[in-house]
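**Student:** Fold the following for me, if possible:
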Amino acid sequence: MSLDVLSAAAAEPLPLPAVDYRVRAKAPQGSEIDVAHHEGRLRMDVRNETLIGTMTGLVDLGQSEVIFIVDVPGMDTLAVRTALPPGYSFADAAREGTRAGTDKVAGEACDLWRIDVKAGKPPLDSCITSDGIVLRTSTVIDGKPTVVFEALELARGAQDPARFAVPKGVKVTKLPASMLGLLPGFGR
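**Tutor:** Numbers count the residues shown, from 1 in each chain. Coordinates of the predicted model:
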């Protein structure tokens, strides 16, 4: 086996977002997700039939933390902060993967990456643009290949920095990692 083949299969850091952008995407169980990026921060707005309002995740890529704010009357001044689970498909700054080819999603060229998450869990397969935008992520759930995120539209361009900050008056409480399963659409 040649040295080139061995080095091609070695894990390497995945590209992080290098530009401001906004993506409209679909996820399982009828969920819709709007993802935006600005200067190392992600904003994810999730809507689906089981949520009363919109759940917003504010991710700090450098800290590998997320703050969740749920837009529900009476709870609009509460938020929870927690660490990102290992290998979280959008935002784990420490993630590594191996290149597995190329594809096209929402009219954009992207590189396919295989990401090993942890022992006992199936890997993630993500299609990521050269400027670090995740366009599709899939894995195996209950023995079936499942697309957990797929971009429908992508627009690169400046984003309003205020959208990536916790709104004034919102109290943030730390959520133990063991309770992540309580947040719809966050686990797999």
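**Student:** contacts and neighbour counts: CA atoms only from here.
**Tutor:** Will do.
**Student:** Strand partners (parallel or antiparallel) of the helix or strand hosting Gly97?
**Tutor:** For Gly97, the host element (DSSP states H and E) is strand 96-105. If you go by DSSP bridges, strand 96-105 pairs up with strand 12-13 (antiparallel), strand 108-115 (antiparallel).
**Student:** Report the distance from that strand to the chain centre.
**Tutor:** Distance of strand 96-105 from the chain centroid (CA atoms, centre = their mean, to the nearest Å) equals 16 Å.
**Student:** Show me what counts as buried in the longest strand seen in the chain.
**Tutor:** In the chain, with assignment by DSSP state E, the single longest strand is strand 144-156. Buried residues in strand 144-156, counted by 16 or more other CA atoms under 10 Å: 147-152, 154.
**Student:** how many other residues sit next to Asn48?
**Tutor:** A count of nearby residues for Asn48, using other CA atoms under 10 Å, gives 18.
**Student:** my guess is it meets Gly30, correct?
**Tutor:** Yes - using CA atoms under 8 Å, Asn48 makes contact with Gly30 at a distance of 6.0 Å.
**Student:** Could you name the specific helix or strand carrying Leu42?
**Tutor:** Counting by DSSP H and E, Leu42 is part of strand 41-47.
**Student:** So what touches that strand?
**Tutor:** Identification of contacts with strand 41-47 by CA atoms under 8 Å, 6 or more residues apart in numbering yields 31-37, 53-61, 91, 163-164.
**Student:** same question, stretch 56-63
**Tutor:** Under CA under 8 Å, 6+ apart, the answer for stretch 56-63 is 40-46, 65-71, 91-93, 164-166.
**Student:** Can I get the very next helix or strand once past the longest strand of the chain as PDB, trimmed to CA atoms?
**Tutor:** Later in the chain than strand 144-156, the nearest helix or strand by DSSP H and E is strand 171-174. Provided in PDB are the C-alpha atoms of strand 171-174 (Å, rounded to 0.1, in the frame of the first residue of the first chain):
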ATOM      1  CA  LYS A 171     -31.500  34.100  32.400                       C
ATOM      2  CA  VAL A 172     -29.200  31.300  31.400                       C
ATOM      3  CA  THR A 173     -29.000  28.200  33.600                       C
ATOM      4  CA  LYS A 174     -26.500  25.300  33.200                       C
END
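**Student:** Mean confidence (pLDDT) on strand 171-174, please.
**Tutor:** Confidence for strand 171-174, expressed as mean pLDDT, is 89.
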